[in-house]
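# mind folding the following:
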Amino acid sequence: MSKFNLKKLIIIKFPSAPAENNGTSYYPYTLQANRADLLRKIGKWNEGEEACLCNLAAARKAKNYRLIAESANELGFLLMQRGKLQESLPLFQESLDLCDNAYTGKQRHITLCNTGTLYRNLGNYVKAGEYYLQALAQAENFGDNNWVSIIQGNLGLMYWYMGEHQKAMECSALKMKIDIEANDQQLICTGYANLGSIHFSMGNYVLAENCYHKQTAIARQIGDKYSLRVAMNNLAGIYDNREDYDRALECYSQSLGIARELGNKSGERVVTNNIALLISYRGDFDQALDLAEQSLKLACQMGDRRGEGIVHYTMGNIYKDRREYLRSQEEYLTAQEIFEGLSVKEYLCESLNSLAQVMLEQKDIKQARKYSRQARQLAELLNRQEYLAGLDKLDADIGLEAGEFTTEEYEALVEPLAAKASAKIQAEILFRLYRVTGKHQYGKAAREVILSRPNWQFRLDYREWMKILDAQMTENP
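Okay, the predicted model is just below:
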């Protein structure tokens with residue numbers, strides 16, 4: 001624990017009714033602020049919130065505008081981390097109003113940054129960007145490198161949400177450079193989280209995993225439960241993508257436990273949705289939908305539009321896997337509308353791709369083509385090769401359903417895709433080739449790919465495919 005600088009120790013003094021102390025009361029403002037910050041970092045958020053409330057009440061009683069601006073921002077930040085976004089906004093506004101009307105030093109760019117983060121969490125990226133850029137300009141003007149780093153990191157996250165990966169990487173690299181020079185372990189920890197998420201979205205899974213392991217190690221070392229919650233969720237995403245579902249579920253469960261311990265509603269929303277999607281893979285659709293509904297309720301309570309869109313997309317996936325295509329279509333259309341309004345390109349691309357798939361299942365070739373074309377435009381913009389490989393197969397399936405390809409022509413189009421696809425998509429392509437052509441070489445190859453996956457029995461689709469492959473290839477060796 002760092003030592004307090006006694007020169008900066010603030011004791012609030014104000015008139016008091018009792019005769020003792022010569023009618024004067026004293027309040028240890030700085031000690032209480034440091035206590036609140038420490039309680040937040042170790043996960044005792046209820047006590048931290050109480051300490052912040054006490055500080056704000058004392059500052060207001062003393063009519064110290066600089067301290068009111070500071071303590072209102074601190075309470076707003078803690079509430080925002082707990083997912084209480086609508087309660088945070090008036091506190092940030094109070095802080096900014098005081099900063100505009102009284103000299104508060106660095107406080108203005110700190111509150112500007114936090115307000116930008118609130119709008120980012122609400123999905124209003126235009127407003128978030130405006131606040132971040134104002135904060136960055138003022139922090140640079142003050143020579144406040146610590147907050148330049150924090151603002152750059154938040155800007156990078158905003159660009160990542162929007163699918164602007166190059167801009168996100170530039171911001172995160174600038175942040176990490178400052179943090180390493182300052183040897184600020186907490187900021188280095190968040191830096192690895194940001195870089196890992198960008199690498200993951202770009203398909204650089206090994207680099208992403210390395211970042212997440214470093215994030216986890218630092219979070220444990222400094223005792224930062226909030227960062228550990230994020231780190232465990234991030235690692236679960238790596239294991240999920242690798243199809244190591246048991247390890248993914250274990251990490252998600254740890255992350256959810258920490259989120260609930262902290263009263264971190266935004267974290268709980270994220271992890272509950274991720275677990276819903278994961279258990280839908282094994283065919284537990286009712287339980288998955290219950291969890292998705294819980295996640296959606298949390299997103300609505302917080303006013304988290306991006307979160308709402310993500311959960312609707314997840315519910316679309318669950319209904320699609322359950323072969324309820326009309327209901328799936330409704331969920332995807334809701335997600336599409338939200339993502340278009342927020343300019344969330346990556347999730348919009350996935351929603352359009354999924355809409356094309358459910359339209360094909362319903363034999364609506366025209367709509368399937370429309371959504372596939374829109375998804376391809378975004379996938380090319382985002383340079384997501386895995387998405388493009390999946391869309392190539394989807395377009396071939398659409399053409400086959402429309403009667404535009406013979407079986408041989410379809411095979412010639414789809415077979416080369418298997419070699420460059422990830423194992424998960426490769427299994428899907430090979431199984432589809434087997435079903436379309438009846439050639440056992442594809443069935444055998446699909447079987448080998450499925451059996452190579454670490455938890456293949458976890459997935460309902462793999463189990464169903466293996467049952468078909470084993471039965472048909474035994475009958476017709």
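
# where along the stretch 101-250 of the chain do the helices fall?
107-121, 125-142, 145-161, 165-182, 185-201, 205-222, 225-241, 245-262 (DSSP state H, counting those that start in this stretch).

# TSV for those, including mean neighbour count and mean pLDDT?
Backbone N, C-alpha and C define where each C-beta goes, glycine included. Shown next, in TSV, are the helices of the stretch 101-250 of the chain (neighbours: other CB atoms under 10 Å; pLDDT from 0 to 100):
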stretch	mean neighbour count	mean pLDDT
helix 107-121	25	94
helix 125-142	18	95
helix 145-161	23	94
helix 165-182	18	95
helix 185-201	22	93
helix 205-222	18	96
helix 225-241	23	94
helix 245-262	20	95
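
# measure residue 310 to residue 272 for me?
Relative to residue 272, residue 310 is positioned 11 Å away (CB to CB, to the nearest Å).

# my guess is residue 317 contacts residue 280, does it?
Yes: Residue 317 is within contact range of residue 280, at 6.7 Å (criterion: CB atoms under 8 Å).

# neighbour count: those two, which is higher?
Per other CB atoms under 10 Å, whichever of residue 317 and residue 280 has more neighbours is residue 280, with 26 against 22.

# residue 136 versus the more buried one, what's the distance?
From residue 280 across to residue 136, the span is 41 Å (CB to CB).

# same deal with residue 80?
19 Å.

# dump the helices of the stretch 101-250 of the chain to JSON lines, plus distance to residue 73.
Putting those into JSON lines (distance: least, CB to CB, whole Å) gives the following:
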{"stretch": "helix 107-121", "distance to residue 73": "4"}
{"stretch": "helix 125-142", "distance to residue 73": "12"}
{"stretch": "helix 145-161", "distance to residue 73": "12"}
{"stretch": "helix 165-182", "distance to residue 73": "21"}
{"stretch": "helix 185-201", "distance to residue 73": "18"}
{"stretch": "helix 205-222", "distance to residue 73": "23"}
{"stretch": "helix 225-241", "distance to residue 73": "18"}
{"stretch": "helix 245-262", "distance to residue 73": "20"}
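
# for residue 387, find the nearest of these.
Distance to residue 387, taken as CB to CB, is lowest for helix 185-201 among the helices of the stretch 101-250 of the chain, at 11.0 Å.

# looking at the protein, which helix or strand does the model trust least?
strand 12-15 (a mean of 54; mean pLDDT, DSSP states H and E).

# and the pLDDT at residue 59?
Listed pLDDT for residue 59 reads 89.

# tabulate the CA atom coordinates of the one helix or strand it maps to in CSV.
Assigned by DSSP states H and E, residue 59 falls within helix 45-62. C-alpha atoms of helix 45-62 as CSV (Å, rounded to 0.1, in the frame of the first residue of the first chain):
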residue,chain,number,x,y,z
TRP,A,45,-18.1,-1.8,-3.1
ASN,A,46,-20.9,-1.3,-0.6
GLU,A,47,-18.4,0.1,1.9
GLY,A,48,-16.7,2.0,-0.8
GLU,A,49,-20.0,3.6,-1.9
GLU,A,50,-20.7,4.5,1.7
ALA,A,51,-17.3,6.2,2.1
CYS,A,52,-17.9,8.2,-1.2
LEU,A,53,-21.3,9.3,0.1
CYS,A,54,-19.7,10.5,3.3
ASN,A,55,-17.1,12.5,1.4
LEU,A,56,-19.6,14.1,-0.8
ALA,A,57,-21.9,15.0,2.2
ALA,A,58,-18.9,16.6,4.0
ALA,A,59,-17.7,18.5,0.9
ARG,A,60,-21.3,19.9,0.4
LYS,A,61,-21.6,20.8,4.1
ALA,A,62,-18.3,22.7,3.9
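
# may I see the buried residues of that helix?
For helix 45-62, burial by neighbour count (16 or more other CB atoms under 10 Å) applies to 45, 48-49, 51-52, 54-56, 58-59, 62.

# from those, which is closest to residue 236?
residue 45 (22.4 Å).

# isn't that closest one right up against residue 259?
No: look at residue 45 against residue 259 with CB under 8 Å: they stay out of range, at 10.8 Å.

# nearest residue to the middle of this structure?
For the chain, the residue sitting closest to the mean C-alpha position, by CA atoms, centre = their mean, is residue 270 at 6.8 Å.

# what's near enough to touch the nearest residue to that residue once chain neighbours are set aside?
The shortest distance from residue 270 to any non-neighbouring residue, by CB to CB, 6 or more residues apart in numbering, is to residue 233 (6.4 Å). Contact analysis of residue 233 by CB atoms under 8 Å, 6 or more residues apart in numbering lists 251-252, 255, 267, 270-271, 274.

# could those go into CSV alongside distance to residue 392?
Converted to CSV, the contacts of residue 233 look like this (distance: CB to CB, whole Å):
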residue, distance to residue 392
251, 32
252, 31
255, 35
267, 37
270, 31
271, 33
274, 28
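
# thanks again, I'm all set now.
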